[in-house]
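**Student:** structure for this input, please:
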Amino acid sequence: MIKLQIVGNLGADCIQKEVNGRNVINFNVAHSEKYKDAQGNTVEKTTWVNCAYWTDKVAIVPYLLKGKTVYAEGAPEADAYTNKDGAAAATLRMRVQNIQLLGGANTDGQSGAVQQPNYNTGDVTNSGATPAPTVRAQPAADMPLDDDLPF
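**Tutor:** As a prediction, the model looks like this:
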C-alpha cells in the first residue's frame with residue numbers, strides 16, 4: 001500500500017454526503033512550502049489534496065472548517081487531465097483513513113485552546129495542552145533480556 005500523509009489547512013468548509021447508505025466527508029487540504037530557487041528568489045509552492053473520508057464518525061464535520069489545520073493520512077490517487085486551456089494538468093486525491101485536528105484559525109473569534117476530537121483514537125485532546133508523555137511497556141520480570149538479537 002502507498003500511504004500519503006499531509007499536514008495543511010482546509011481550503012473550504014467540508015461537505016458531508018450520504019452515498020449508497022454510507023457517509024463521506026469531502027474536503028480540500030492545502031500544504032504550502034517556501035524555498036529559494038537557483039537565483040535566490042523566494043518561491044512559494046502550494047499543493048492541494050482533495051480528500052474523501054468514508055466514515056460513520058460524522059461528529060467531526062463541525063470542526064472541518066475553512067482555515068483549520070489538519071493531519072490526514074490515507075491512500076493517494078493521481079489523475080491526469082486536460083484543463084480548459086488545453087494544457088495537461090493533474091490532480092491529487094486521497095482516500096482518508098485517519099484524520100487528526102491540529103487547531104488553526106478560530107473562526108468564532110475566541111482565543112485559547114479548543115477541545116477537539118482525535119479521530120485516530122477516538123480520544124479528546126486539548127490542542128493547547130502539552131502532550132502526555134509516551135509510556136513504554138516494561139518487560140516482565142521473569143522474561144530474560146537478550147542483547148544478542150538477530151535484528
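
**Student:** what sits against Glu18?
**Tutor:** Residues counted as contacts of Glu18 (C-beta atoms under 8 Å, 6 or more residues apart in numbering) are Val24. Using the backbone N, CA and C atoms, a C-beta is placed for each residue, glycine as well.

**Student:** show me the beta-bridge partners of it.
**Tutor:** Going by DSSP bridges, Glu18 is paired in beta bridges with Asn23.

**Student:** which residues in the chain form strands?
**Tutor:** 4-10, 15-19, 22-36, 42-54, 68-82, 88-104, 115-117, 124-126 (DSSP state E).

**Student:** least reliable of those by average pLDDT, please.
**Tutor:** Across the strands of the chain, strand 124-126 has the smallest mean pLDDT, namely a mean of 40.

**Student:** turn the strands of the chain into JSON lines, columns for distance to Ile60.
**Tutor:** Formatted as JSON lines, the strands of the chain follow (distance: least, C-beta to C-beta, whole Å):
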{"stretch": "strand 4-10", "distance to Ile60": "12"}
{"stretch": "strand 15-19", "distance to Ile60": "9"}
{"stretch": "strand 22-36", "distance to Ile60": "7"}
{"stretch": "strand 42-54", "distance to Ile60": "8"}
{"stretch": "strand 68-82", "distance to Ile60": "10"}
{"stretch": "strand 88-104", "distance to Ile60": "7"}
{"stretch": "strand 115-117", "distance to Ile60": "6"}
{"stretch": "strand 124-126", "distance to Ile60": "12"}
